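Student: pasted the sequence and its predicted model underneath.
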Amino acid sequence: MSRIKSKIQTESTEFQSNYIHNKGLADELRQEQHDARYKRPQKDVDRLAAHGKMMPRERLEKLLDPGTPFLEFSTLAGSRAGDAGSSGASCITGIGVVSGQEVVIIGNDSSIKGGAWYPLTVKKIVRALDIAIENRLPVVHLCDSAGGFLPLQSELFPDRYMAGRMFRNQSTLSKMNVKQLALVFGHCTAGGAYVPALSDYSVIVKGTGAVFLAGPPLVKAATGEIVTADDLGGCDLHTQVSGVCDYPADTEEEAIAIGREIVEQWEKTTKWNIRKDAVEEPYYDVDELYGILPTDIKKSFDIKEVIARIVDGSKFHEYQPVYGTTMVCGFANIWGYKVGILGNNGVIFNDSALKAAHFIELCNQNNTPILFLQNVTGFMVGKEYEAKGISKDGAKLIQAIVGSHVPKFTLMCHGSFGAGNYGMCGRAYDPRFVFSWPNHQIGIMGGEQAAKTLADVKKRQLERTGKKVEQKTLDKVYEETLEAFQGQMSAYYATSELWDDGIINPIDTRNSLGIAISASLNAQPGEPGYGIFRF
């Protein structure tokens, strides 16, 4: 493969302006993530210490193999949810290495309201278990939760993808013979009792660990029985009498050590054998990504400049380089793994949609994972393009994505608007992982377009009813729509709602993708199967 020839002028005013702006966004992201991970009221820190408990991230650090990376998911989940959320949605999820095994880790954050489950907590845990199922990854549960946050029970309990889905997913993993371990550091209350009960192995800490369908207050209210938490569901009861848990531990450190020994006994998964070459660092400096991304979401840039800074040796074999040029397609390596890459260099026209659909078929033919780099305003609209069948050609692209059997990964590099999100493997199309950059915006259309559209609709509505059209009325519709869209289109709003698997610093992209690709290979591929391509 030939090396991409970068045209970036790092000394230019535009580059320097972009660099300052995007480096600032990355610094803000780093601070927000740090606060979400570590900033807690001292009283909560003291409370855990008084019970002989570690902070949740201390447990995580002792569980992971020293010097290995941890790919954390949705660090800022719930960050824009106000009173309905909490830091990180009150839990920690991600992929790490334990005793040499790649595993999904799900840890309750008991430093936030006792680790109670909020609606977004449930959504985040369900997503982590989905990732385990899709990628056939074992799971380690770090249990310490007060159970569902009762004032919001209607938003976390009854529907299909709410709390019951967690236990359904655990059962699905068991059916797939994918192993699970529960380390019970604190309470597993109500539905939470099923987490260790549905795991293959469980360790419980004496004195602080407890598993019960109803805690002492509810037992007293329901039956009048007065009982302590330890007598109701503590370590001795469940390891000596009920058999709910397998191993007792005197301390959290001992529980983690036992857990690591258990994982060490597990047989290693045979990974899907895709092509893997020697690893090369990118030829171009990854730090230059800050200067490539525009300060304005409406400004374009060459996606190949991004590719050059995340792939091995900055080498890229471009497919159909002079056809459908608003869609860049080609092959490259990331940490040695062969991948097919699709990236936007503008709006999706008929030819770029057809090119992308055909390239996806080629990746499936060659068993090559696919990376989508989203910077898309949508499909081209207008009379000329409707006559050419833009809907039909866009449908071919969607059919190709859905019919694909190789792992797919999506990175939100800049804008993601309208059906362009769908045509570039948005969340609804089951990419194994979706990551965003802090400059990213997402919406059914741009804020200005939406505001103009609704102002125009309001004007025609007034005209039809014979009412006076006042400019101040139209201006109000425009301003209110624009303000609402701008707030909901930001990367932070999207990640707060778990529309992605986390915002990442652009310079961390290559490492994040490397871990994601490696994890995806634990699942063997199926067979591609395509529906009807309308010709």
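Tutor: Received it, and whenever you're ready, just let me know what you need. What you are looking at is a predicted structure, and each value in this text was computed from that prediction instead of being measured. Numbering: from 1, shown residues only.
Student: who are the packing partners of the helix or strand where Lys472 lies?
Tutor: Secondary structure from DSSP states H and E places Lys472 in helix 471-489. In this structure, helix 471-489 makes packing contacts with strand 441-443, helix 447-464, judged by 3 or more CB pairs under 8 Å, 6 or more residues apart in numbering; DSSP states H and E. C-beta here means a position set from N, CA and C on the backbone, and glycine is covered the same way.
Student: now mean pLDDT and mean neighbour count too, for these, in TSV please.
Tutor: Below are the helices and strands packed on helix 471-489 laid out as TSV (pLDDT from 0 to 100; neighbours: other CB atoms under 10 Å):
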stretch	mean pLDDT	mean neighbour count
strand 441-443	94	21
helix 447-464	85	15
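Student: can you give me the pLDDT of Asp83?
Tutor: With respect to pLDDT, Asp83 has a value of 54.
Student: follow-up on the earlier one: which strands or helices does the following helix or strand past the helix holding Lys472 pack on?
Tutor: Proceeding N to C from helix 471-489, the next assigned helix or strand is helix 491-496, under DSSP H and E. On a contact count with 3+ CB pairs under 8 Å, 6+ apart, helix 491-496 meets strand 433-436, strand 441-443.
Student: quick one: contacts of the last one?
Tutor: Contacts with strand 441-443, where a contact means CB atoms under 8 Å, 6 or more residues apart in numbering, come from 297, 412, 414-418, 421, 450, 485, 488-491, 494, 499.
Student: widest-spaced pair of those?
Tutor: Based on CB to CB, the longest span within the contacts of strand 441-443 runs between Met412 and Ala450 and measures 19.1 Å.
Student: so which bits of stretch 37-57 are buried?
Tutor: Arg37, Arg40, Asp44, Leu48, Lys53, Met54, Met55, Pro56 (16 or more other CB atoms under 10 Å).
Student: the closest residue to Gly389 other than its chain neighbours: how many residues sit nearby?
Tutor: Nearest non-adjacent residue to Gly389, counting by CB to CB, 6 or more residues apart in numbering: Asn350, 6.8 Å away. Burial of Asn350 is recorded as 19 neighbouring residues (other CB atoms under 10 Å).
Student: now the phi/psi pair for Asn350, please.
Tutor: Asn350 has phi and psi values of phi -60, psi -50 when expressed as degrees, to the nearest 10.
Student: Thr75 now?
Tutor: phi -60, psi -30.
Student: distance of the nearest residue to it once chain neighbours are set aside from Ser90?
Tutor: Spatially, and ignoring its direct neighbours in sequence, Thr75 is nearest to Gln33 (4.9 Å; CB to CB, 6+ apart). Going from Gln33 to Ser90 by CB to CB, to the nearest Å gives 16 Å.
Student: of the two, which one has the most company?
Tutor: In this view Gln33 and Ser90 are compared by other CB under 10 Å, and Ser90 has more residues nearby, 29 against 19.
Student: for the more buried one, give its distance to Gly324.
Tutor: 46 Å.
Student: again, but for Asn505
Tutor: Counting by CB to CB, the separation of Asn505 from Gly324 is 31 Å.
Student: circling back to that earlier point, which among the buried residues of stretch 37-57 gets closest to Lys388?
Tutor: Arg37 (50.1 Å).
Student: is it fair to say the closest one lies in a helix?
Tutor: Yes: counting by DSSP: H, G, I helix; E, B strand; the rest coil, Arg37 is located in a helix.
Student: wait, it touches Gly88, no?
Tutor: Yes: at 7.0 Å, Arg37 counts as touching Gly88 under the criterion of CB atoms under 8 Å.
Student: helix or strand: which one has the residue of the chain most remote from its centre?
Tutor: Distance from the C-alpha centroid of the chain, by CA atoms, centre = their mean, peaks at Gly466 (49.7 Å). Using DSSP H and E, Gly466 sits within no helix or strand.
Student: and for Glu253, the neighbour number?
Tutor: 14.
Student: how about the one 4 residues further on?
Tutor: One way to gauge burial is a neighbour count; for Ala257, by other CB under 10 Å, it gives 15.
Student: name the helices or strands packed onto the helix or strand containing it?
Tutor: According to DSSP H and E, Ala257 maps onto helix 252-265. Other elements packing on helix 252-265 under the criterion 3+ CB pairs under 8 Å, 6+ apart are helix 56-63, strand 91-98, strand 180-189, strand 201-205, strand 247-249.
Student: hmm, 7 Å instead?
Tutor: helix 56-63, strand 180-189, strand 201-205, strand 247-249 (3 or more CB pairs under 7 Å, 6 or more residues apart in numbering; DSSP states H and E).
Student: who does the second one pair up with?
Tutor: What that stands for is strand 180-189. strand 139-145 (parallel), strand 201-205 (parallel), strand 210-212 (parallel) (DSSP bridges).
Student: redo the ones you listed as JSON lines? Include mean pLDDT, distance to Ile370 and mean neighbour count.
Tutor: What follows is those, written out as JSON lines (pLDDT from 0 to 100; distance: least, CB to CB, whole Å; neighbours: other CB atoms under 10 Å):
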{"stretch": "strand 139-145", "mean pLDDT": "97", "distance to Ile370": "26", "mean neighbour count": "27"}
{"stretch": "strand 201-205", "mean pLDDT": "98", "distance to Ile370": "35", "mean neighbour count": "27"}
{"stretch": "strand 210-212", "mean pLDDT": "97", "distance to Ile370": "42", "mean neighbour count": "25"}
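Student: how about the ones you listed in TSV, adding distance to Leu156?
Tutor: Shown next, in TSV, are those (distance: least, CB to CB, whole Å):
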stretch	distance to Leu156
strand 139-145	12
strand 201-205	24
strand 210-212	19
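Student: which one of those lies nearest to Arg432?
Tutor: Once those are compared by CB to CB, strand 139-145 is nearest, at 16.0 Å.
Student: and the helix or strand following the closest one, how far out from the chain middle?
Tutor: The first helix or strand that comes after strand 139-145 along the chain, using DSSP H and E, is helix 163-175. Offset of helix 163-175 from its chain centre (CA atoms, centre = their mean, to the nearest Å): 19 Å.
Student: what's helix 163-175 packed up against?
Tutor: helix 119-135.
Student: again, 8 Å this time
Tutor: Applying 3+ CB pairs under 8 Å, 6+ apart, we find helix 163-175 packed against helix 119-135, strand 180-189, helix 194-197.
Student: angle of it against strand 180-189?
Tutor: If you take axes from the mean of the first three to the mean of the last three CA atoms, to 10 degrees, helix 163-175 sits at 150 degrees to strand 180-189.
Student: let me see the mean pLDDT of helix 163-175.
Tutor: 97.
Student: picking up where we left off before, looking at the helices and strands packed on helix 163-175, which is nearest to Pro525?
Tutor: helix 119-135 (11.6 Å).
Student: and that closest one, C-alpha only, in CSV?
Tutor: Backbone C-alpha positions of helix 119-135 (Å, rounded to 0.1, in the frame of the first residue of the first chain) are rendered in CSV as follows:
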residue,chain,number,x,y,z
PRO,A,119,-32.7,4.8,34.2
LEU,A,120,-29.4,5.6,32.4
THR,A,121,-27.6,3.2,34.7
VAL,A,122,-29.8,0.4,33.4
LYS,A,123,-29.3,1.5,29.9
LYS,A,124,-25.5,1.6,30.3
ILE,A,125,-25.4,-1.9,31.9
VAL,A,126,-27.6,-3.4,29.2
ARG,A,127,-25.4,-1.9,26.5
ALA,A,128,-22.3,-3.4,28.2
LEU,A,129,-23.9,-6.8,28.2
ASP,A,130,-25.0,-6.3,24.6
ILE,A,131,-21.3,-5.7,23.8
ALA,A,132,-20.4,-8.9,25.7
ILE,A,133,-23.0,-10.9,23.6
GLU,A,134,-22.0,-9.4,20.3
ASN,A,135,-18.3,-10.0,20.8
